[in-house]
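In: Prediction below, plus the sequence it came from.
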Amino acid sequence: MAEEVVLLDFWPSLFGMRSRIALAEKGIKYEYKEEDLRNKSALLLQMNPVHKKIPVLIHNGKPVCESLIQVQYIDEVWHDKAPLLPSDPYQKATVRFWADYIDKKIYDLGSRVWKTKGEEQATAKKEFIESLKLIEKELGDKPYFGGESFGYVDVAFIPFYSWFYDYEKCGNFSIEAECPKLIAWAKRCMQKESVAKSLPDQQKVYDFILQMKKHFGIE
Amino acid sequence: MAVVELFGTWFSPYAYRVIWALKLKGISYEYIEEDIRNKSPLLLQYNPIHKKVPVLVHDGKPICKSTVILQYIDEIWPQNPLLPADPYDRAVALFWIKFADDKVYLMSKLYQADGEEQRAAVKEWLEMLEVMEEHALIGGKKFFGGDEINMVDIAFSFVAHWLGVLEDVVGLEIFEPHKFPRVSSWIQNFKSIPLIKENLPDADKMSAFSKHGREMMLASKSN
């Protein structure tokens, strides 16, 4: 049966990048559709009526929403190549825990670093660096979070690398100085074609954020 | 034989999710009650990052976060599956579980709010209930899991029992059954299941406990 895969996405989205990477890891041919979030397509509104957000993975006409759910779905359906989740239930629980930590803590704190200023930003920056150090500790001396091979937590977290320059410029700090192992890990991931072609350029992301900040009067 | 321990608190909707899952699977476990104002060294050792309940400890290995625990339980003990076997149906179920999980914060948001904040919290509650009514419970099913409850029903349980207690504590009626007939039916069906009915924290006890806590919290807010 011909597989029809469509990804509704927005180029700087950390979440969209996860699905791009997972699809590339599995070698899946798909149609990428760029959404204008100020003018969402009828397709997006139909496929994600609850949140009206990207990314949306549409497989043979049926939508899968939420990036981590998409990654897990992709891993299950195209299970014969490049496994992303471990097979052991306890290890699965561990990777799910860390993916949740990335979404709940790291993402929120990172957002606050670029969206706020003054005292609020100083607090956010401190907590953000702490959260990065915690996840760096989890990485340890492994080449990837998945151990010898690139896995679920790597997919969940590597998109943030495209935003590091933005966090650093807005927060006035160096992630490499604070977390050198994380940067080494990120550069290792960027050697992979699936990652390199899925992440936008850091400068491009920063320029986009500057525009957003102007638009929302954040500066 | 592997030992299963569950760290929880008597009123936590998150802890109850795990209790029901273990009971549905027929798994024996030892329950350890935690005092959240005085957390045990063991809890802090097992969940150093979040320092929260529930924590499931299986054979000495801790698993944290209720939705992570539920999926672990479902994978280790496959009897009475709590998620669909089909990958697409499973992705849909996980979507609703995440949706429910992302809304549990509305409990504390409403609990802590007064005045304008309270009006905003109530509005968010109603929006959530509308999504449940219009999108989640379509198809005329008895439960999210079909004829039997599954992980999605378990995830939404805070609406079935804890919301009623919260309404009593803040003195507001948020859930009007006639406005949400599908949700209302689901709540009645869910709470009729013997395993659920027999394993719920006492509403009056929770109400008294929460009312007291809320009074103290609001008083310190205005000082």
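Out: Yep, it's here. All values reported here derive from a predicted model rather than from experimental measurement.

In: and the closest residue to B:V165 other than its chain neighbours, how many residues sit next to it?
Out: Computed as Cβ to Cβ, 6 or more residues apart in numbering or on different chains, the closest residue to B:V165 that is not its neighbour in sequence is B:M206, at 4.7 Å. C-betas here are computed from N, CA, C, even on glycine. The burial count assigned to B:M206 is 20, neighbours taken as other Cβ atoms under 10 Å in any protein chain shown.

In: pretty sure B:M206 contacts B:G164?
Out: No - in this structure, B:M206 is not within contact of B:G164 by Cβ atoms under 8 Å, at 9.6 Å.

In: Count the residues that sit near residue 181.
Out: Just so you know, I chose chain A. A:K181: 15 surrounding residues under other Cβ under 10 Å.

In: To clarify, I was referring to chain B.
Out: B:P181 sits with 11 neighbouring residues when counted by other Cβ under 10 Å.

In: swap in B:L137?
Out: Around B:L137 sit 20 other residues, with neighbours defined as other Cβ under 10 Å.

In: what's the span of stretch A:176-194, first residue to last?
Out: End-to-end distance of stretch A:176-194 (Cα to Cα, to the nearest Å): 23 Å.

In: try stretch B:49-61
Out: 15 Å.

In: Next, the buried residues of it.
Out: Within stretch B:49-61, the residues that qualify as buried by neighbour count (16 or more other Cβ atoms under 10 Å in any protein chain shown) are B:K52, B:V53, B:P54, B:V55, B:L56, B:V57, B:H58.

In: Could I get the pLDDT score of the third one?
Out: Looking at B:P54, its pLDDT stands at 97.

In: what sits up against the helix or strand of chain A with the lowest mean pLDDT?
Out: Least confident element among the helices and strands of chain A, by mean pLDDT, DSSP states H and E: helix A:202-215 (a mean of 93). The contact list for helix A:202-215 (Cβ atoms under 8 Å, 6 or more residues apart in numbering or on different chains) reads A:12, A:114-115, A:161-166, A:169-170, A:218-219.

In: Near chain B, which residues of chain A are found?
Out: Proximity of chain A to chain B (Cβ under 8 Å from any Cβ of the partner chain) is limited to residues A:49-50, A:59, A:62, A:64-66, A:69-70, A:72-73, A:76-77, A:89-90, A:92-93, A:96-97, A:100-101, A:134.

In: now the residues you listed: which count as buried?
Out: Buried among these (16+ other Cβ under 10 Å): A:59, A:64-66, A:69-70, A:72-73, A:76-77, A:89, A:92-93, A:96-97, A:100-101, A:134.

In: hang on, isn't B:A155 packed against B:D101?
Out: Yes - under the criterion of Cβ under 8 Å, B:A155 makes contact with B:D101 at 6.1 Å.

In: the more surrounded of the two?
Out: B:A155 (26 against 18).

In: if you skip the residues just before and after it, what's nearest to that one?
Out: Nearest non-adjacent residue to B:A155, counting by Cβ to Cβ, 6+ apart: B:A100, 3.9 Å away.

In: Contacts only, for the one you found.
Out: By Cβ under 8 Å, 6+ apart, the contact list for B:A100 reads B:V152, B:A155, B:F156, B:F158, B:V159.

In: isn't there a helix covering it?
Out: Yes - looking at B:A100 with DSSP: H, G, I helix; E, B strand; the rest coil, it is inside a helix.

In: And the strands in chain A?
Out: Taking DSSP state E as the criterion, chain A carries its strands at A:5-9, A:31-34, A:56-59, A:62-65.

In: Now tabulate these in TSV and tack on distance to A:R18 and mean pLDDT.
Out: Below are these laid out as TSV (distance: least, Cβ to Cβ, whole Å; pLDDT from 0 to 100):
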stretch	distance to A:R18	mean pLDDT
strand A:5-9	10	98
strand A:31-34	14	98
strand A:56-59	10	98
strand A:62-65	12	98
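
In: Out of those strands, which gets nearest to B:E176?
Out: When those are compared by Cβ to Cβ, strand A:62-65 sits nearest B:E176, at 28.9 Å.
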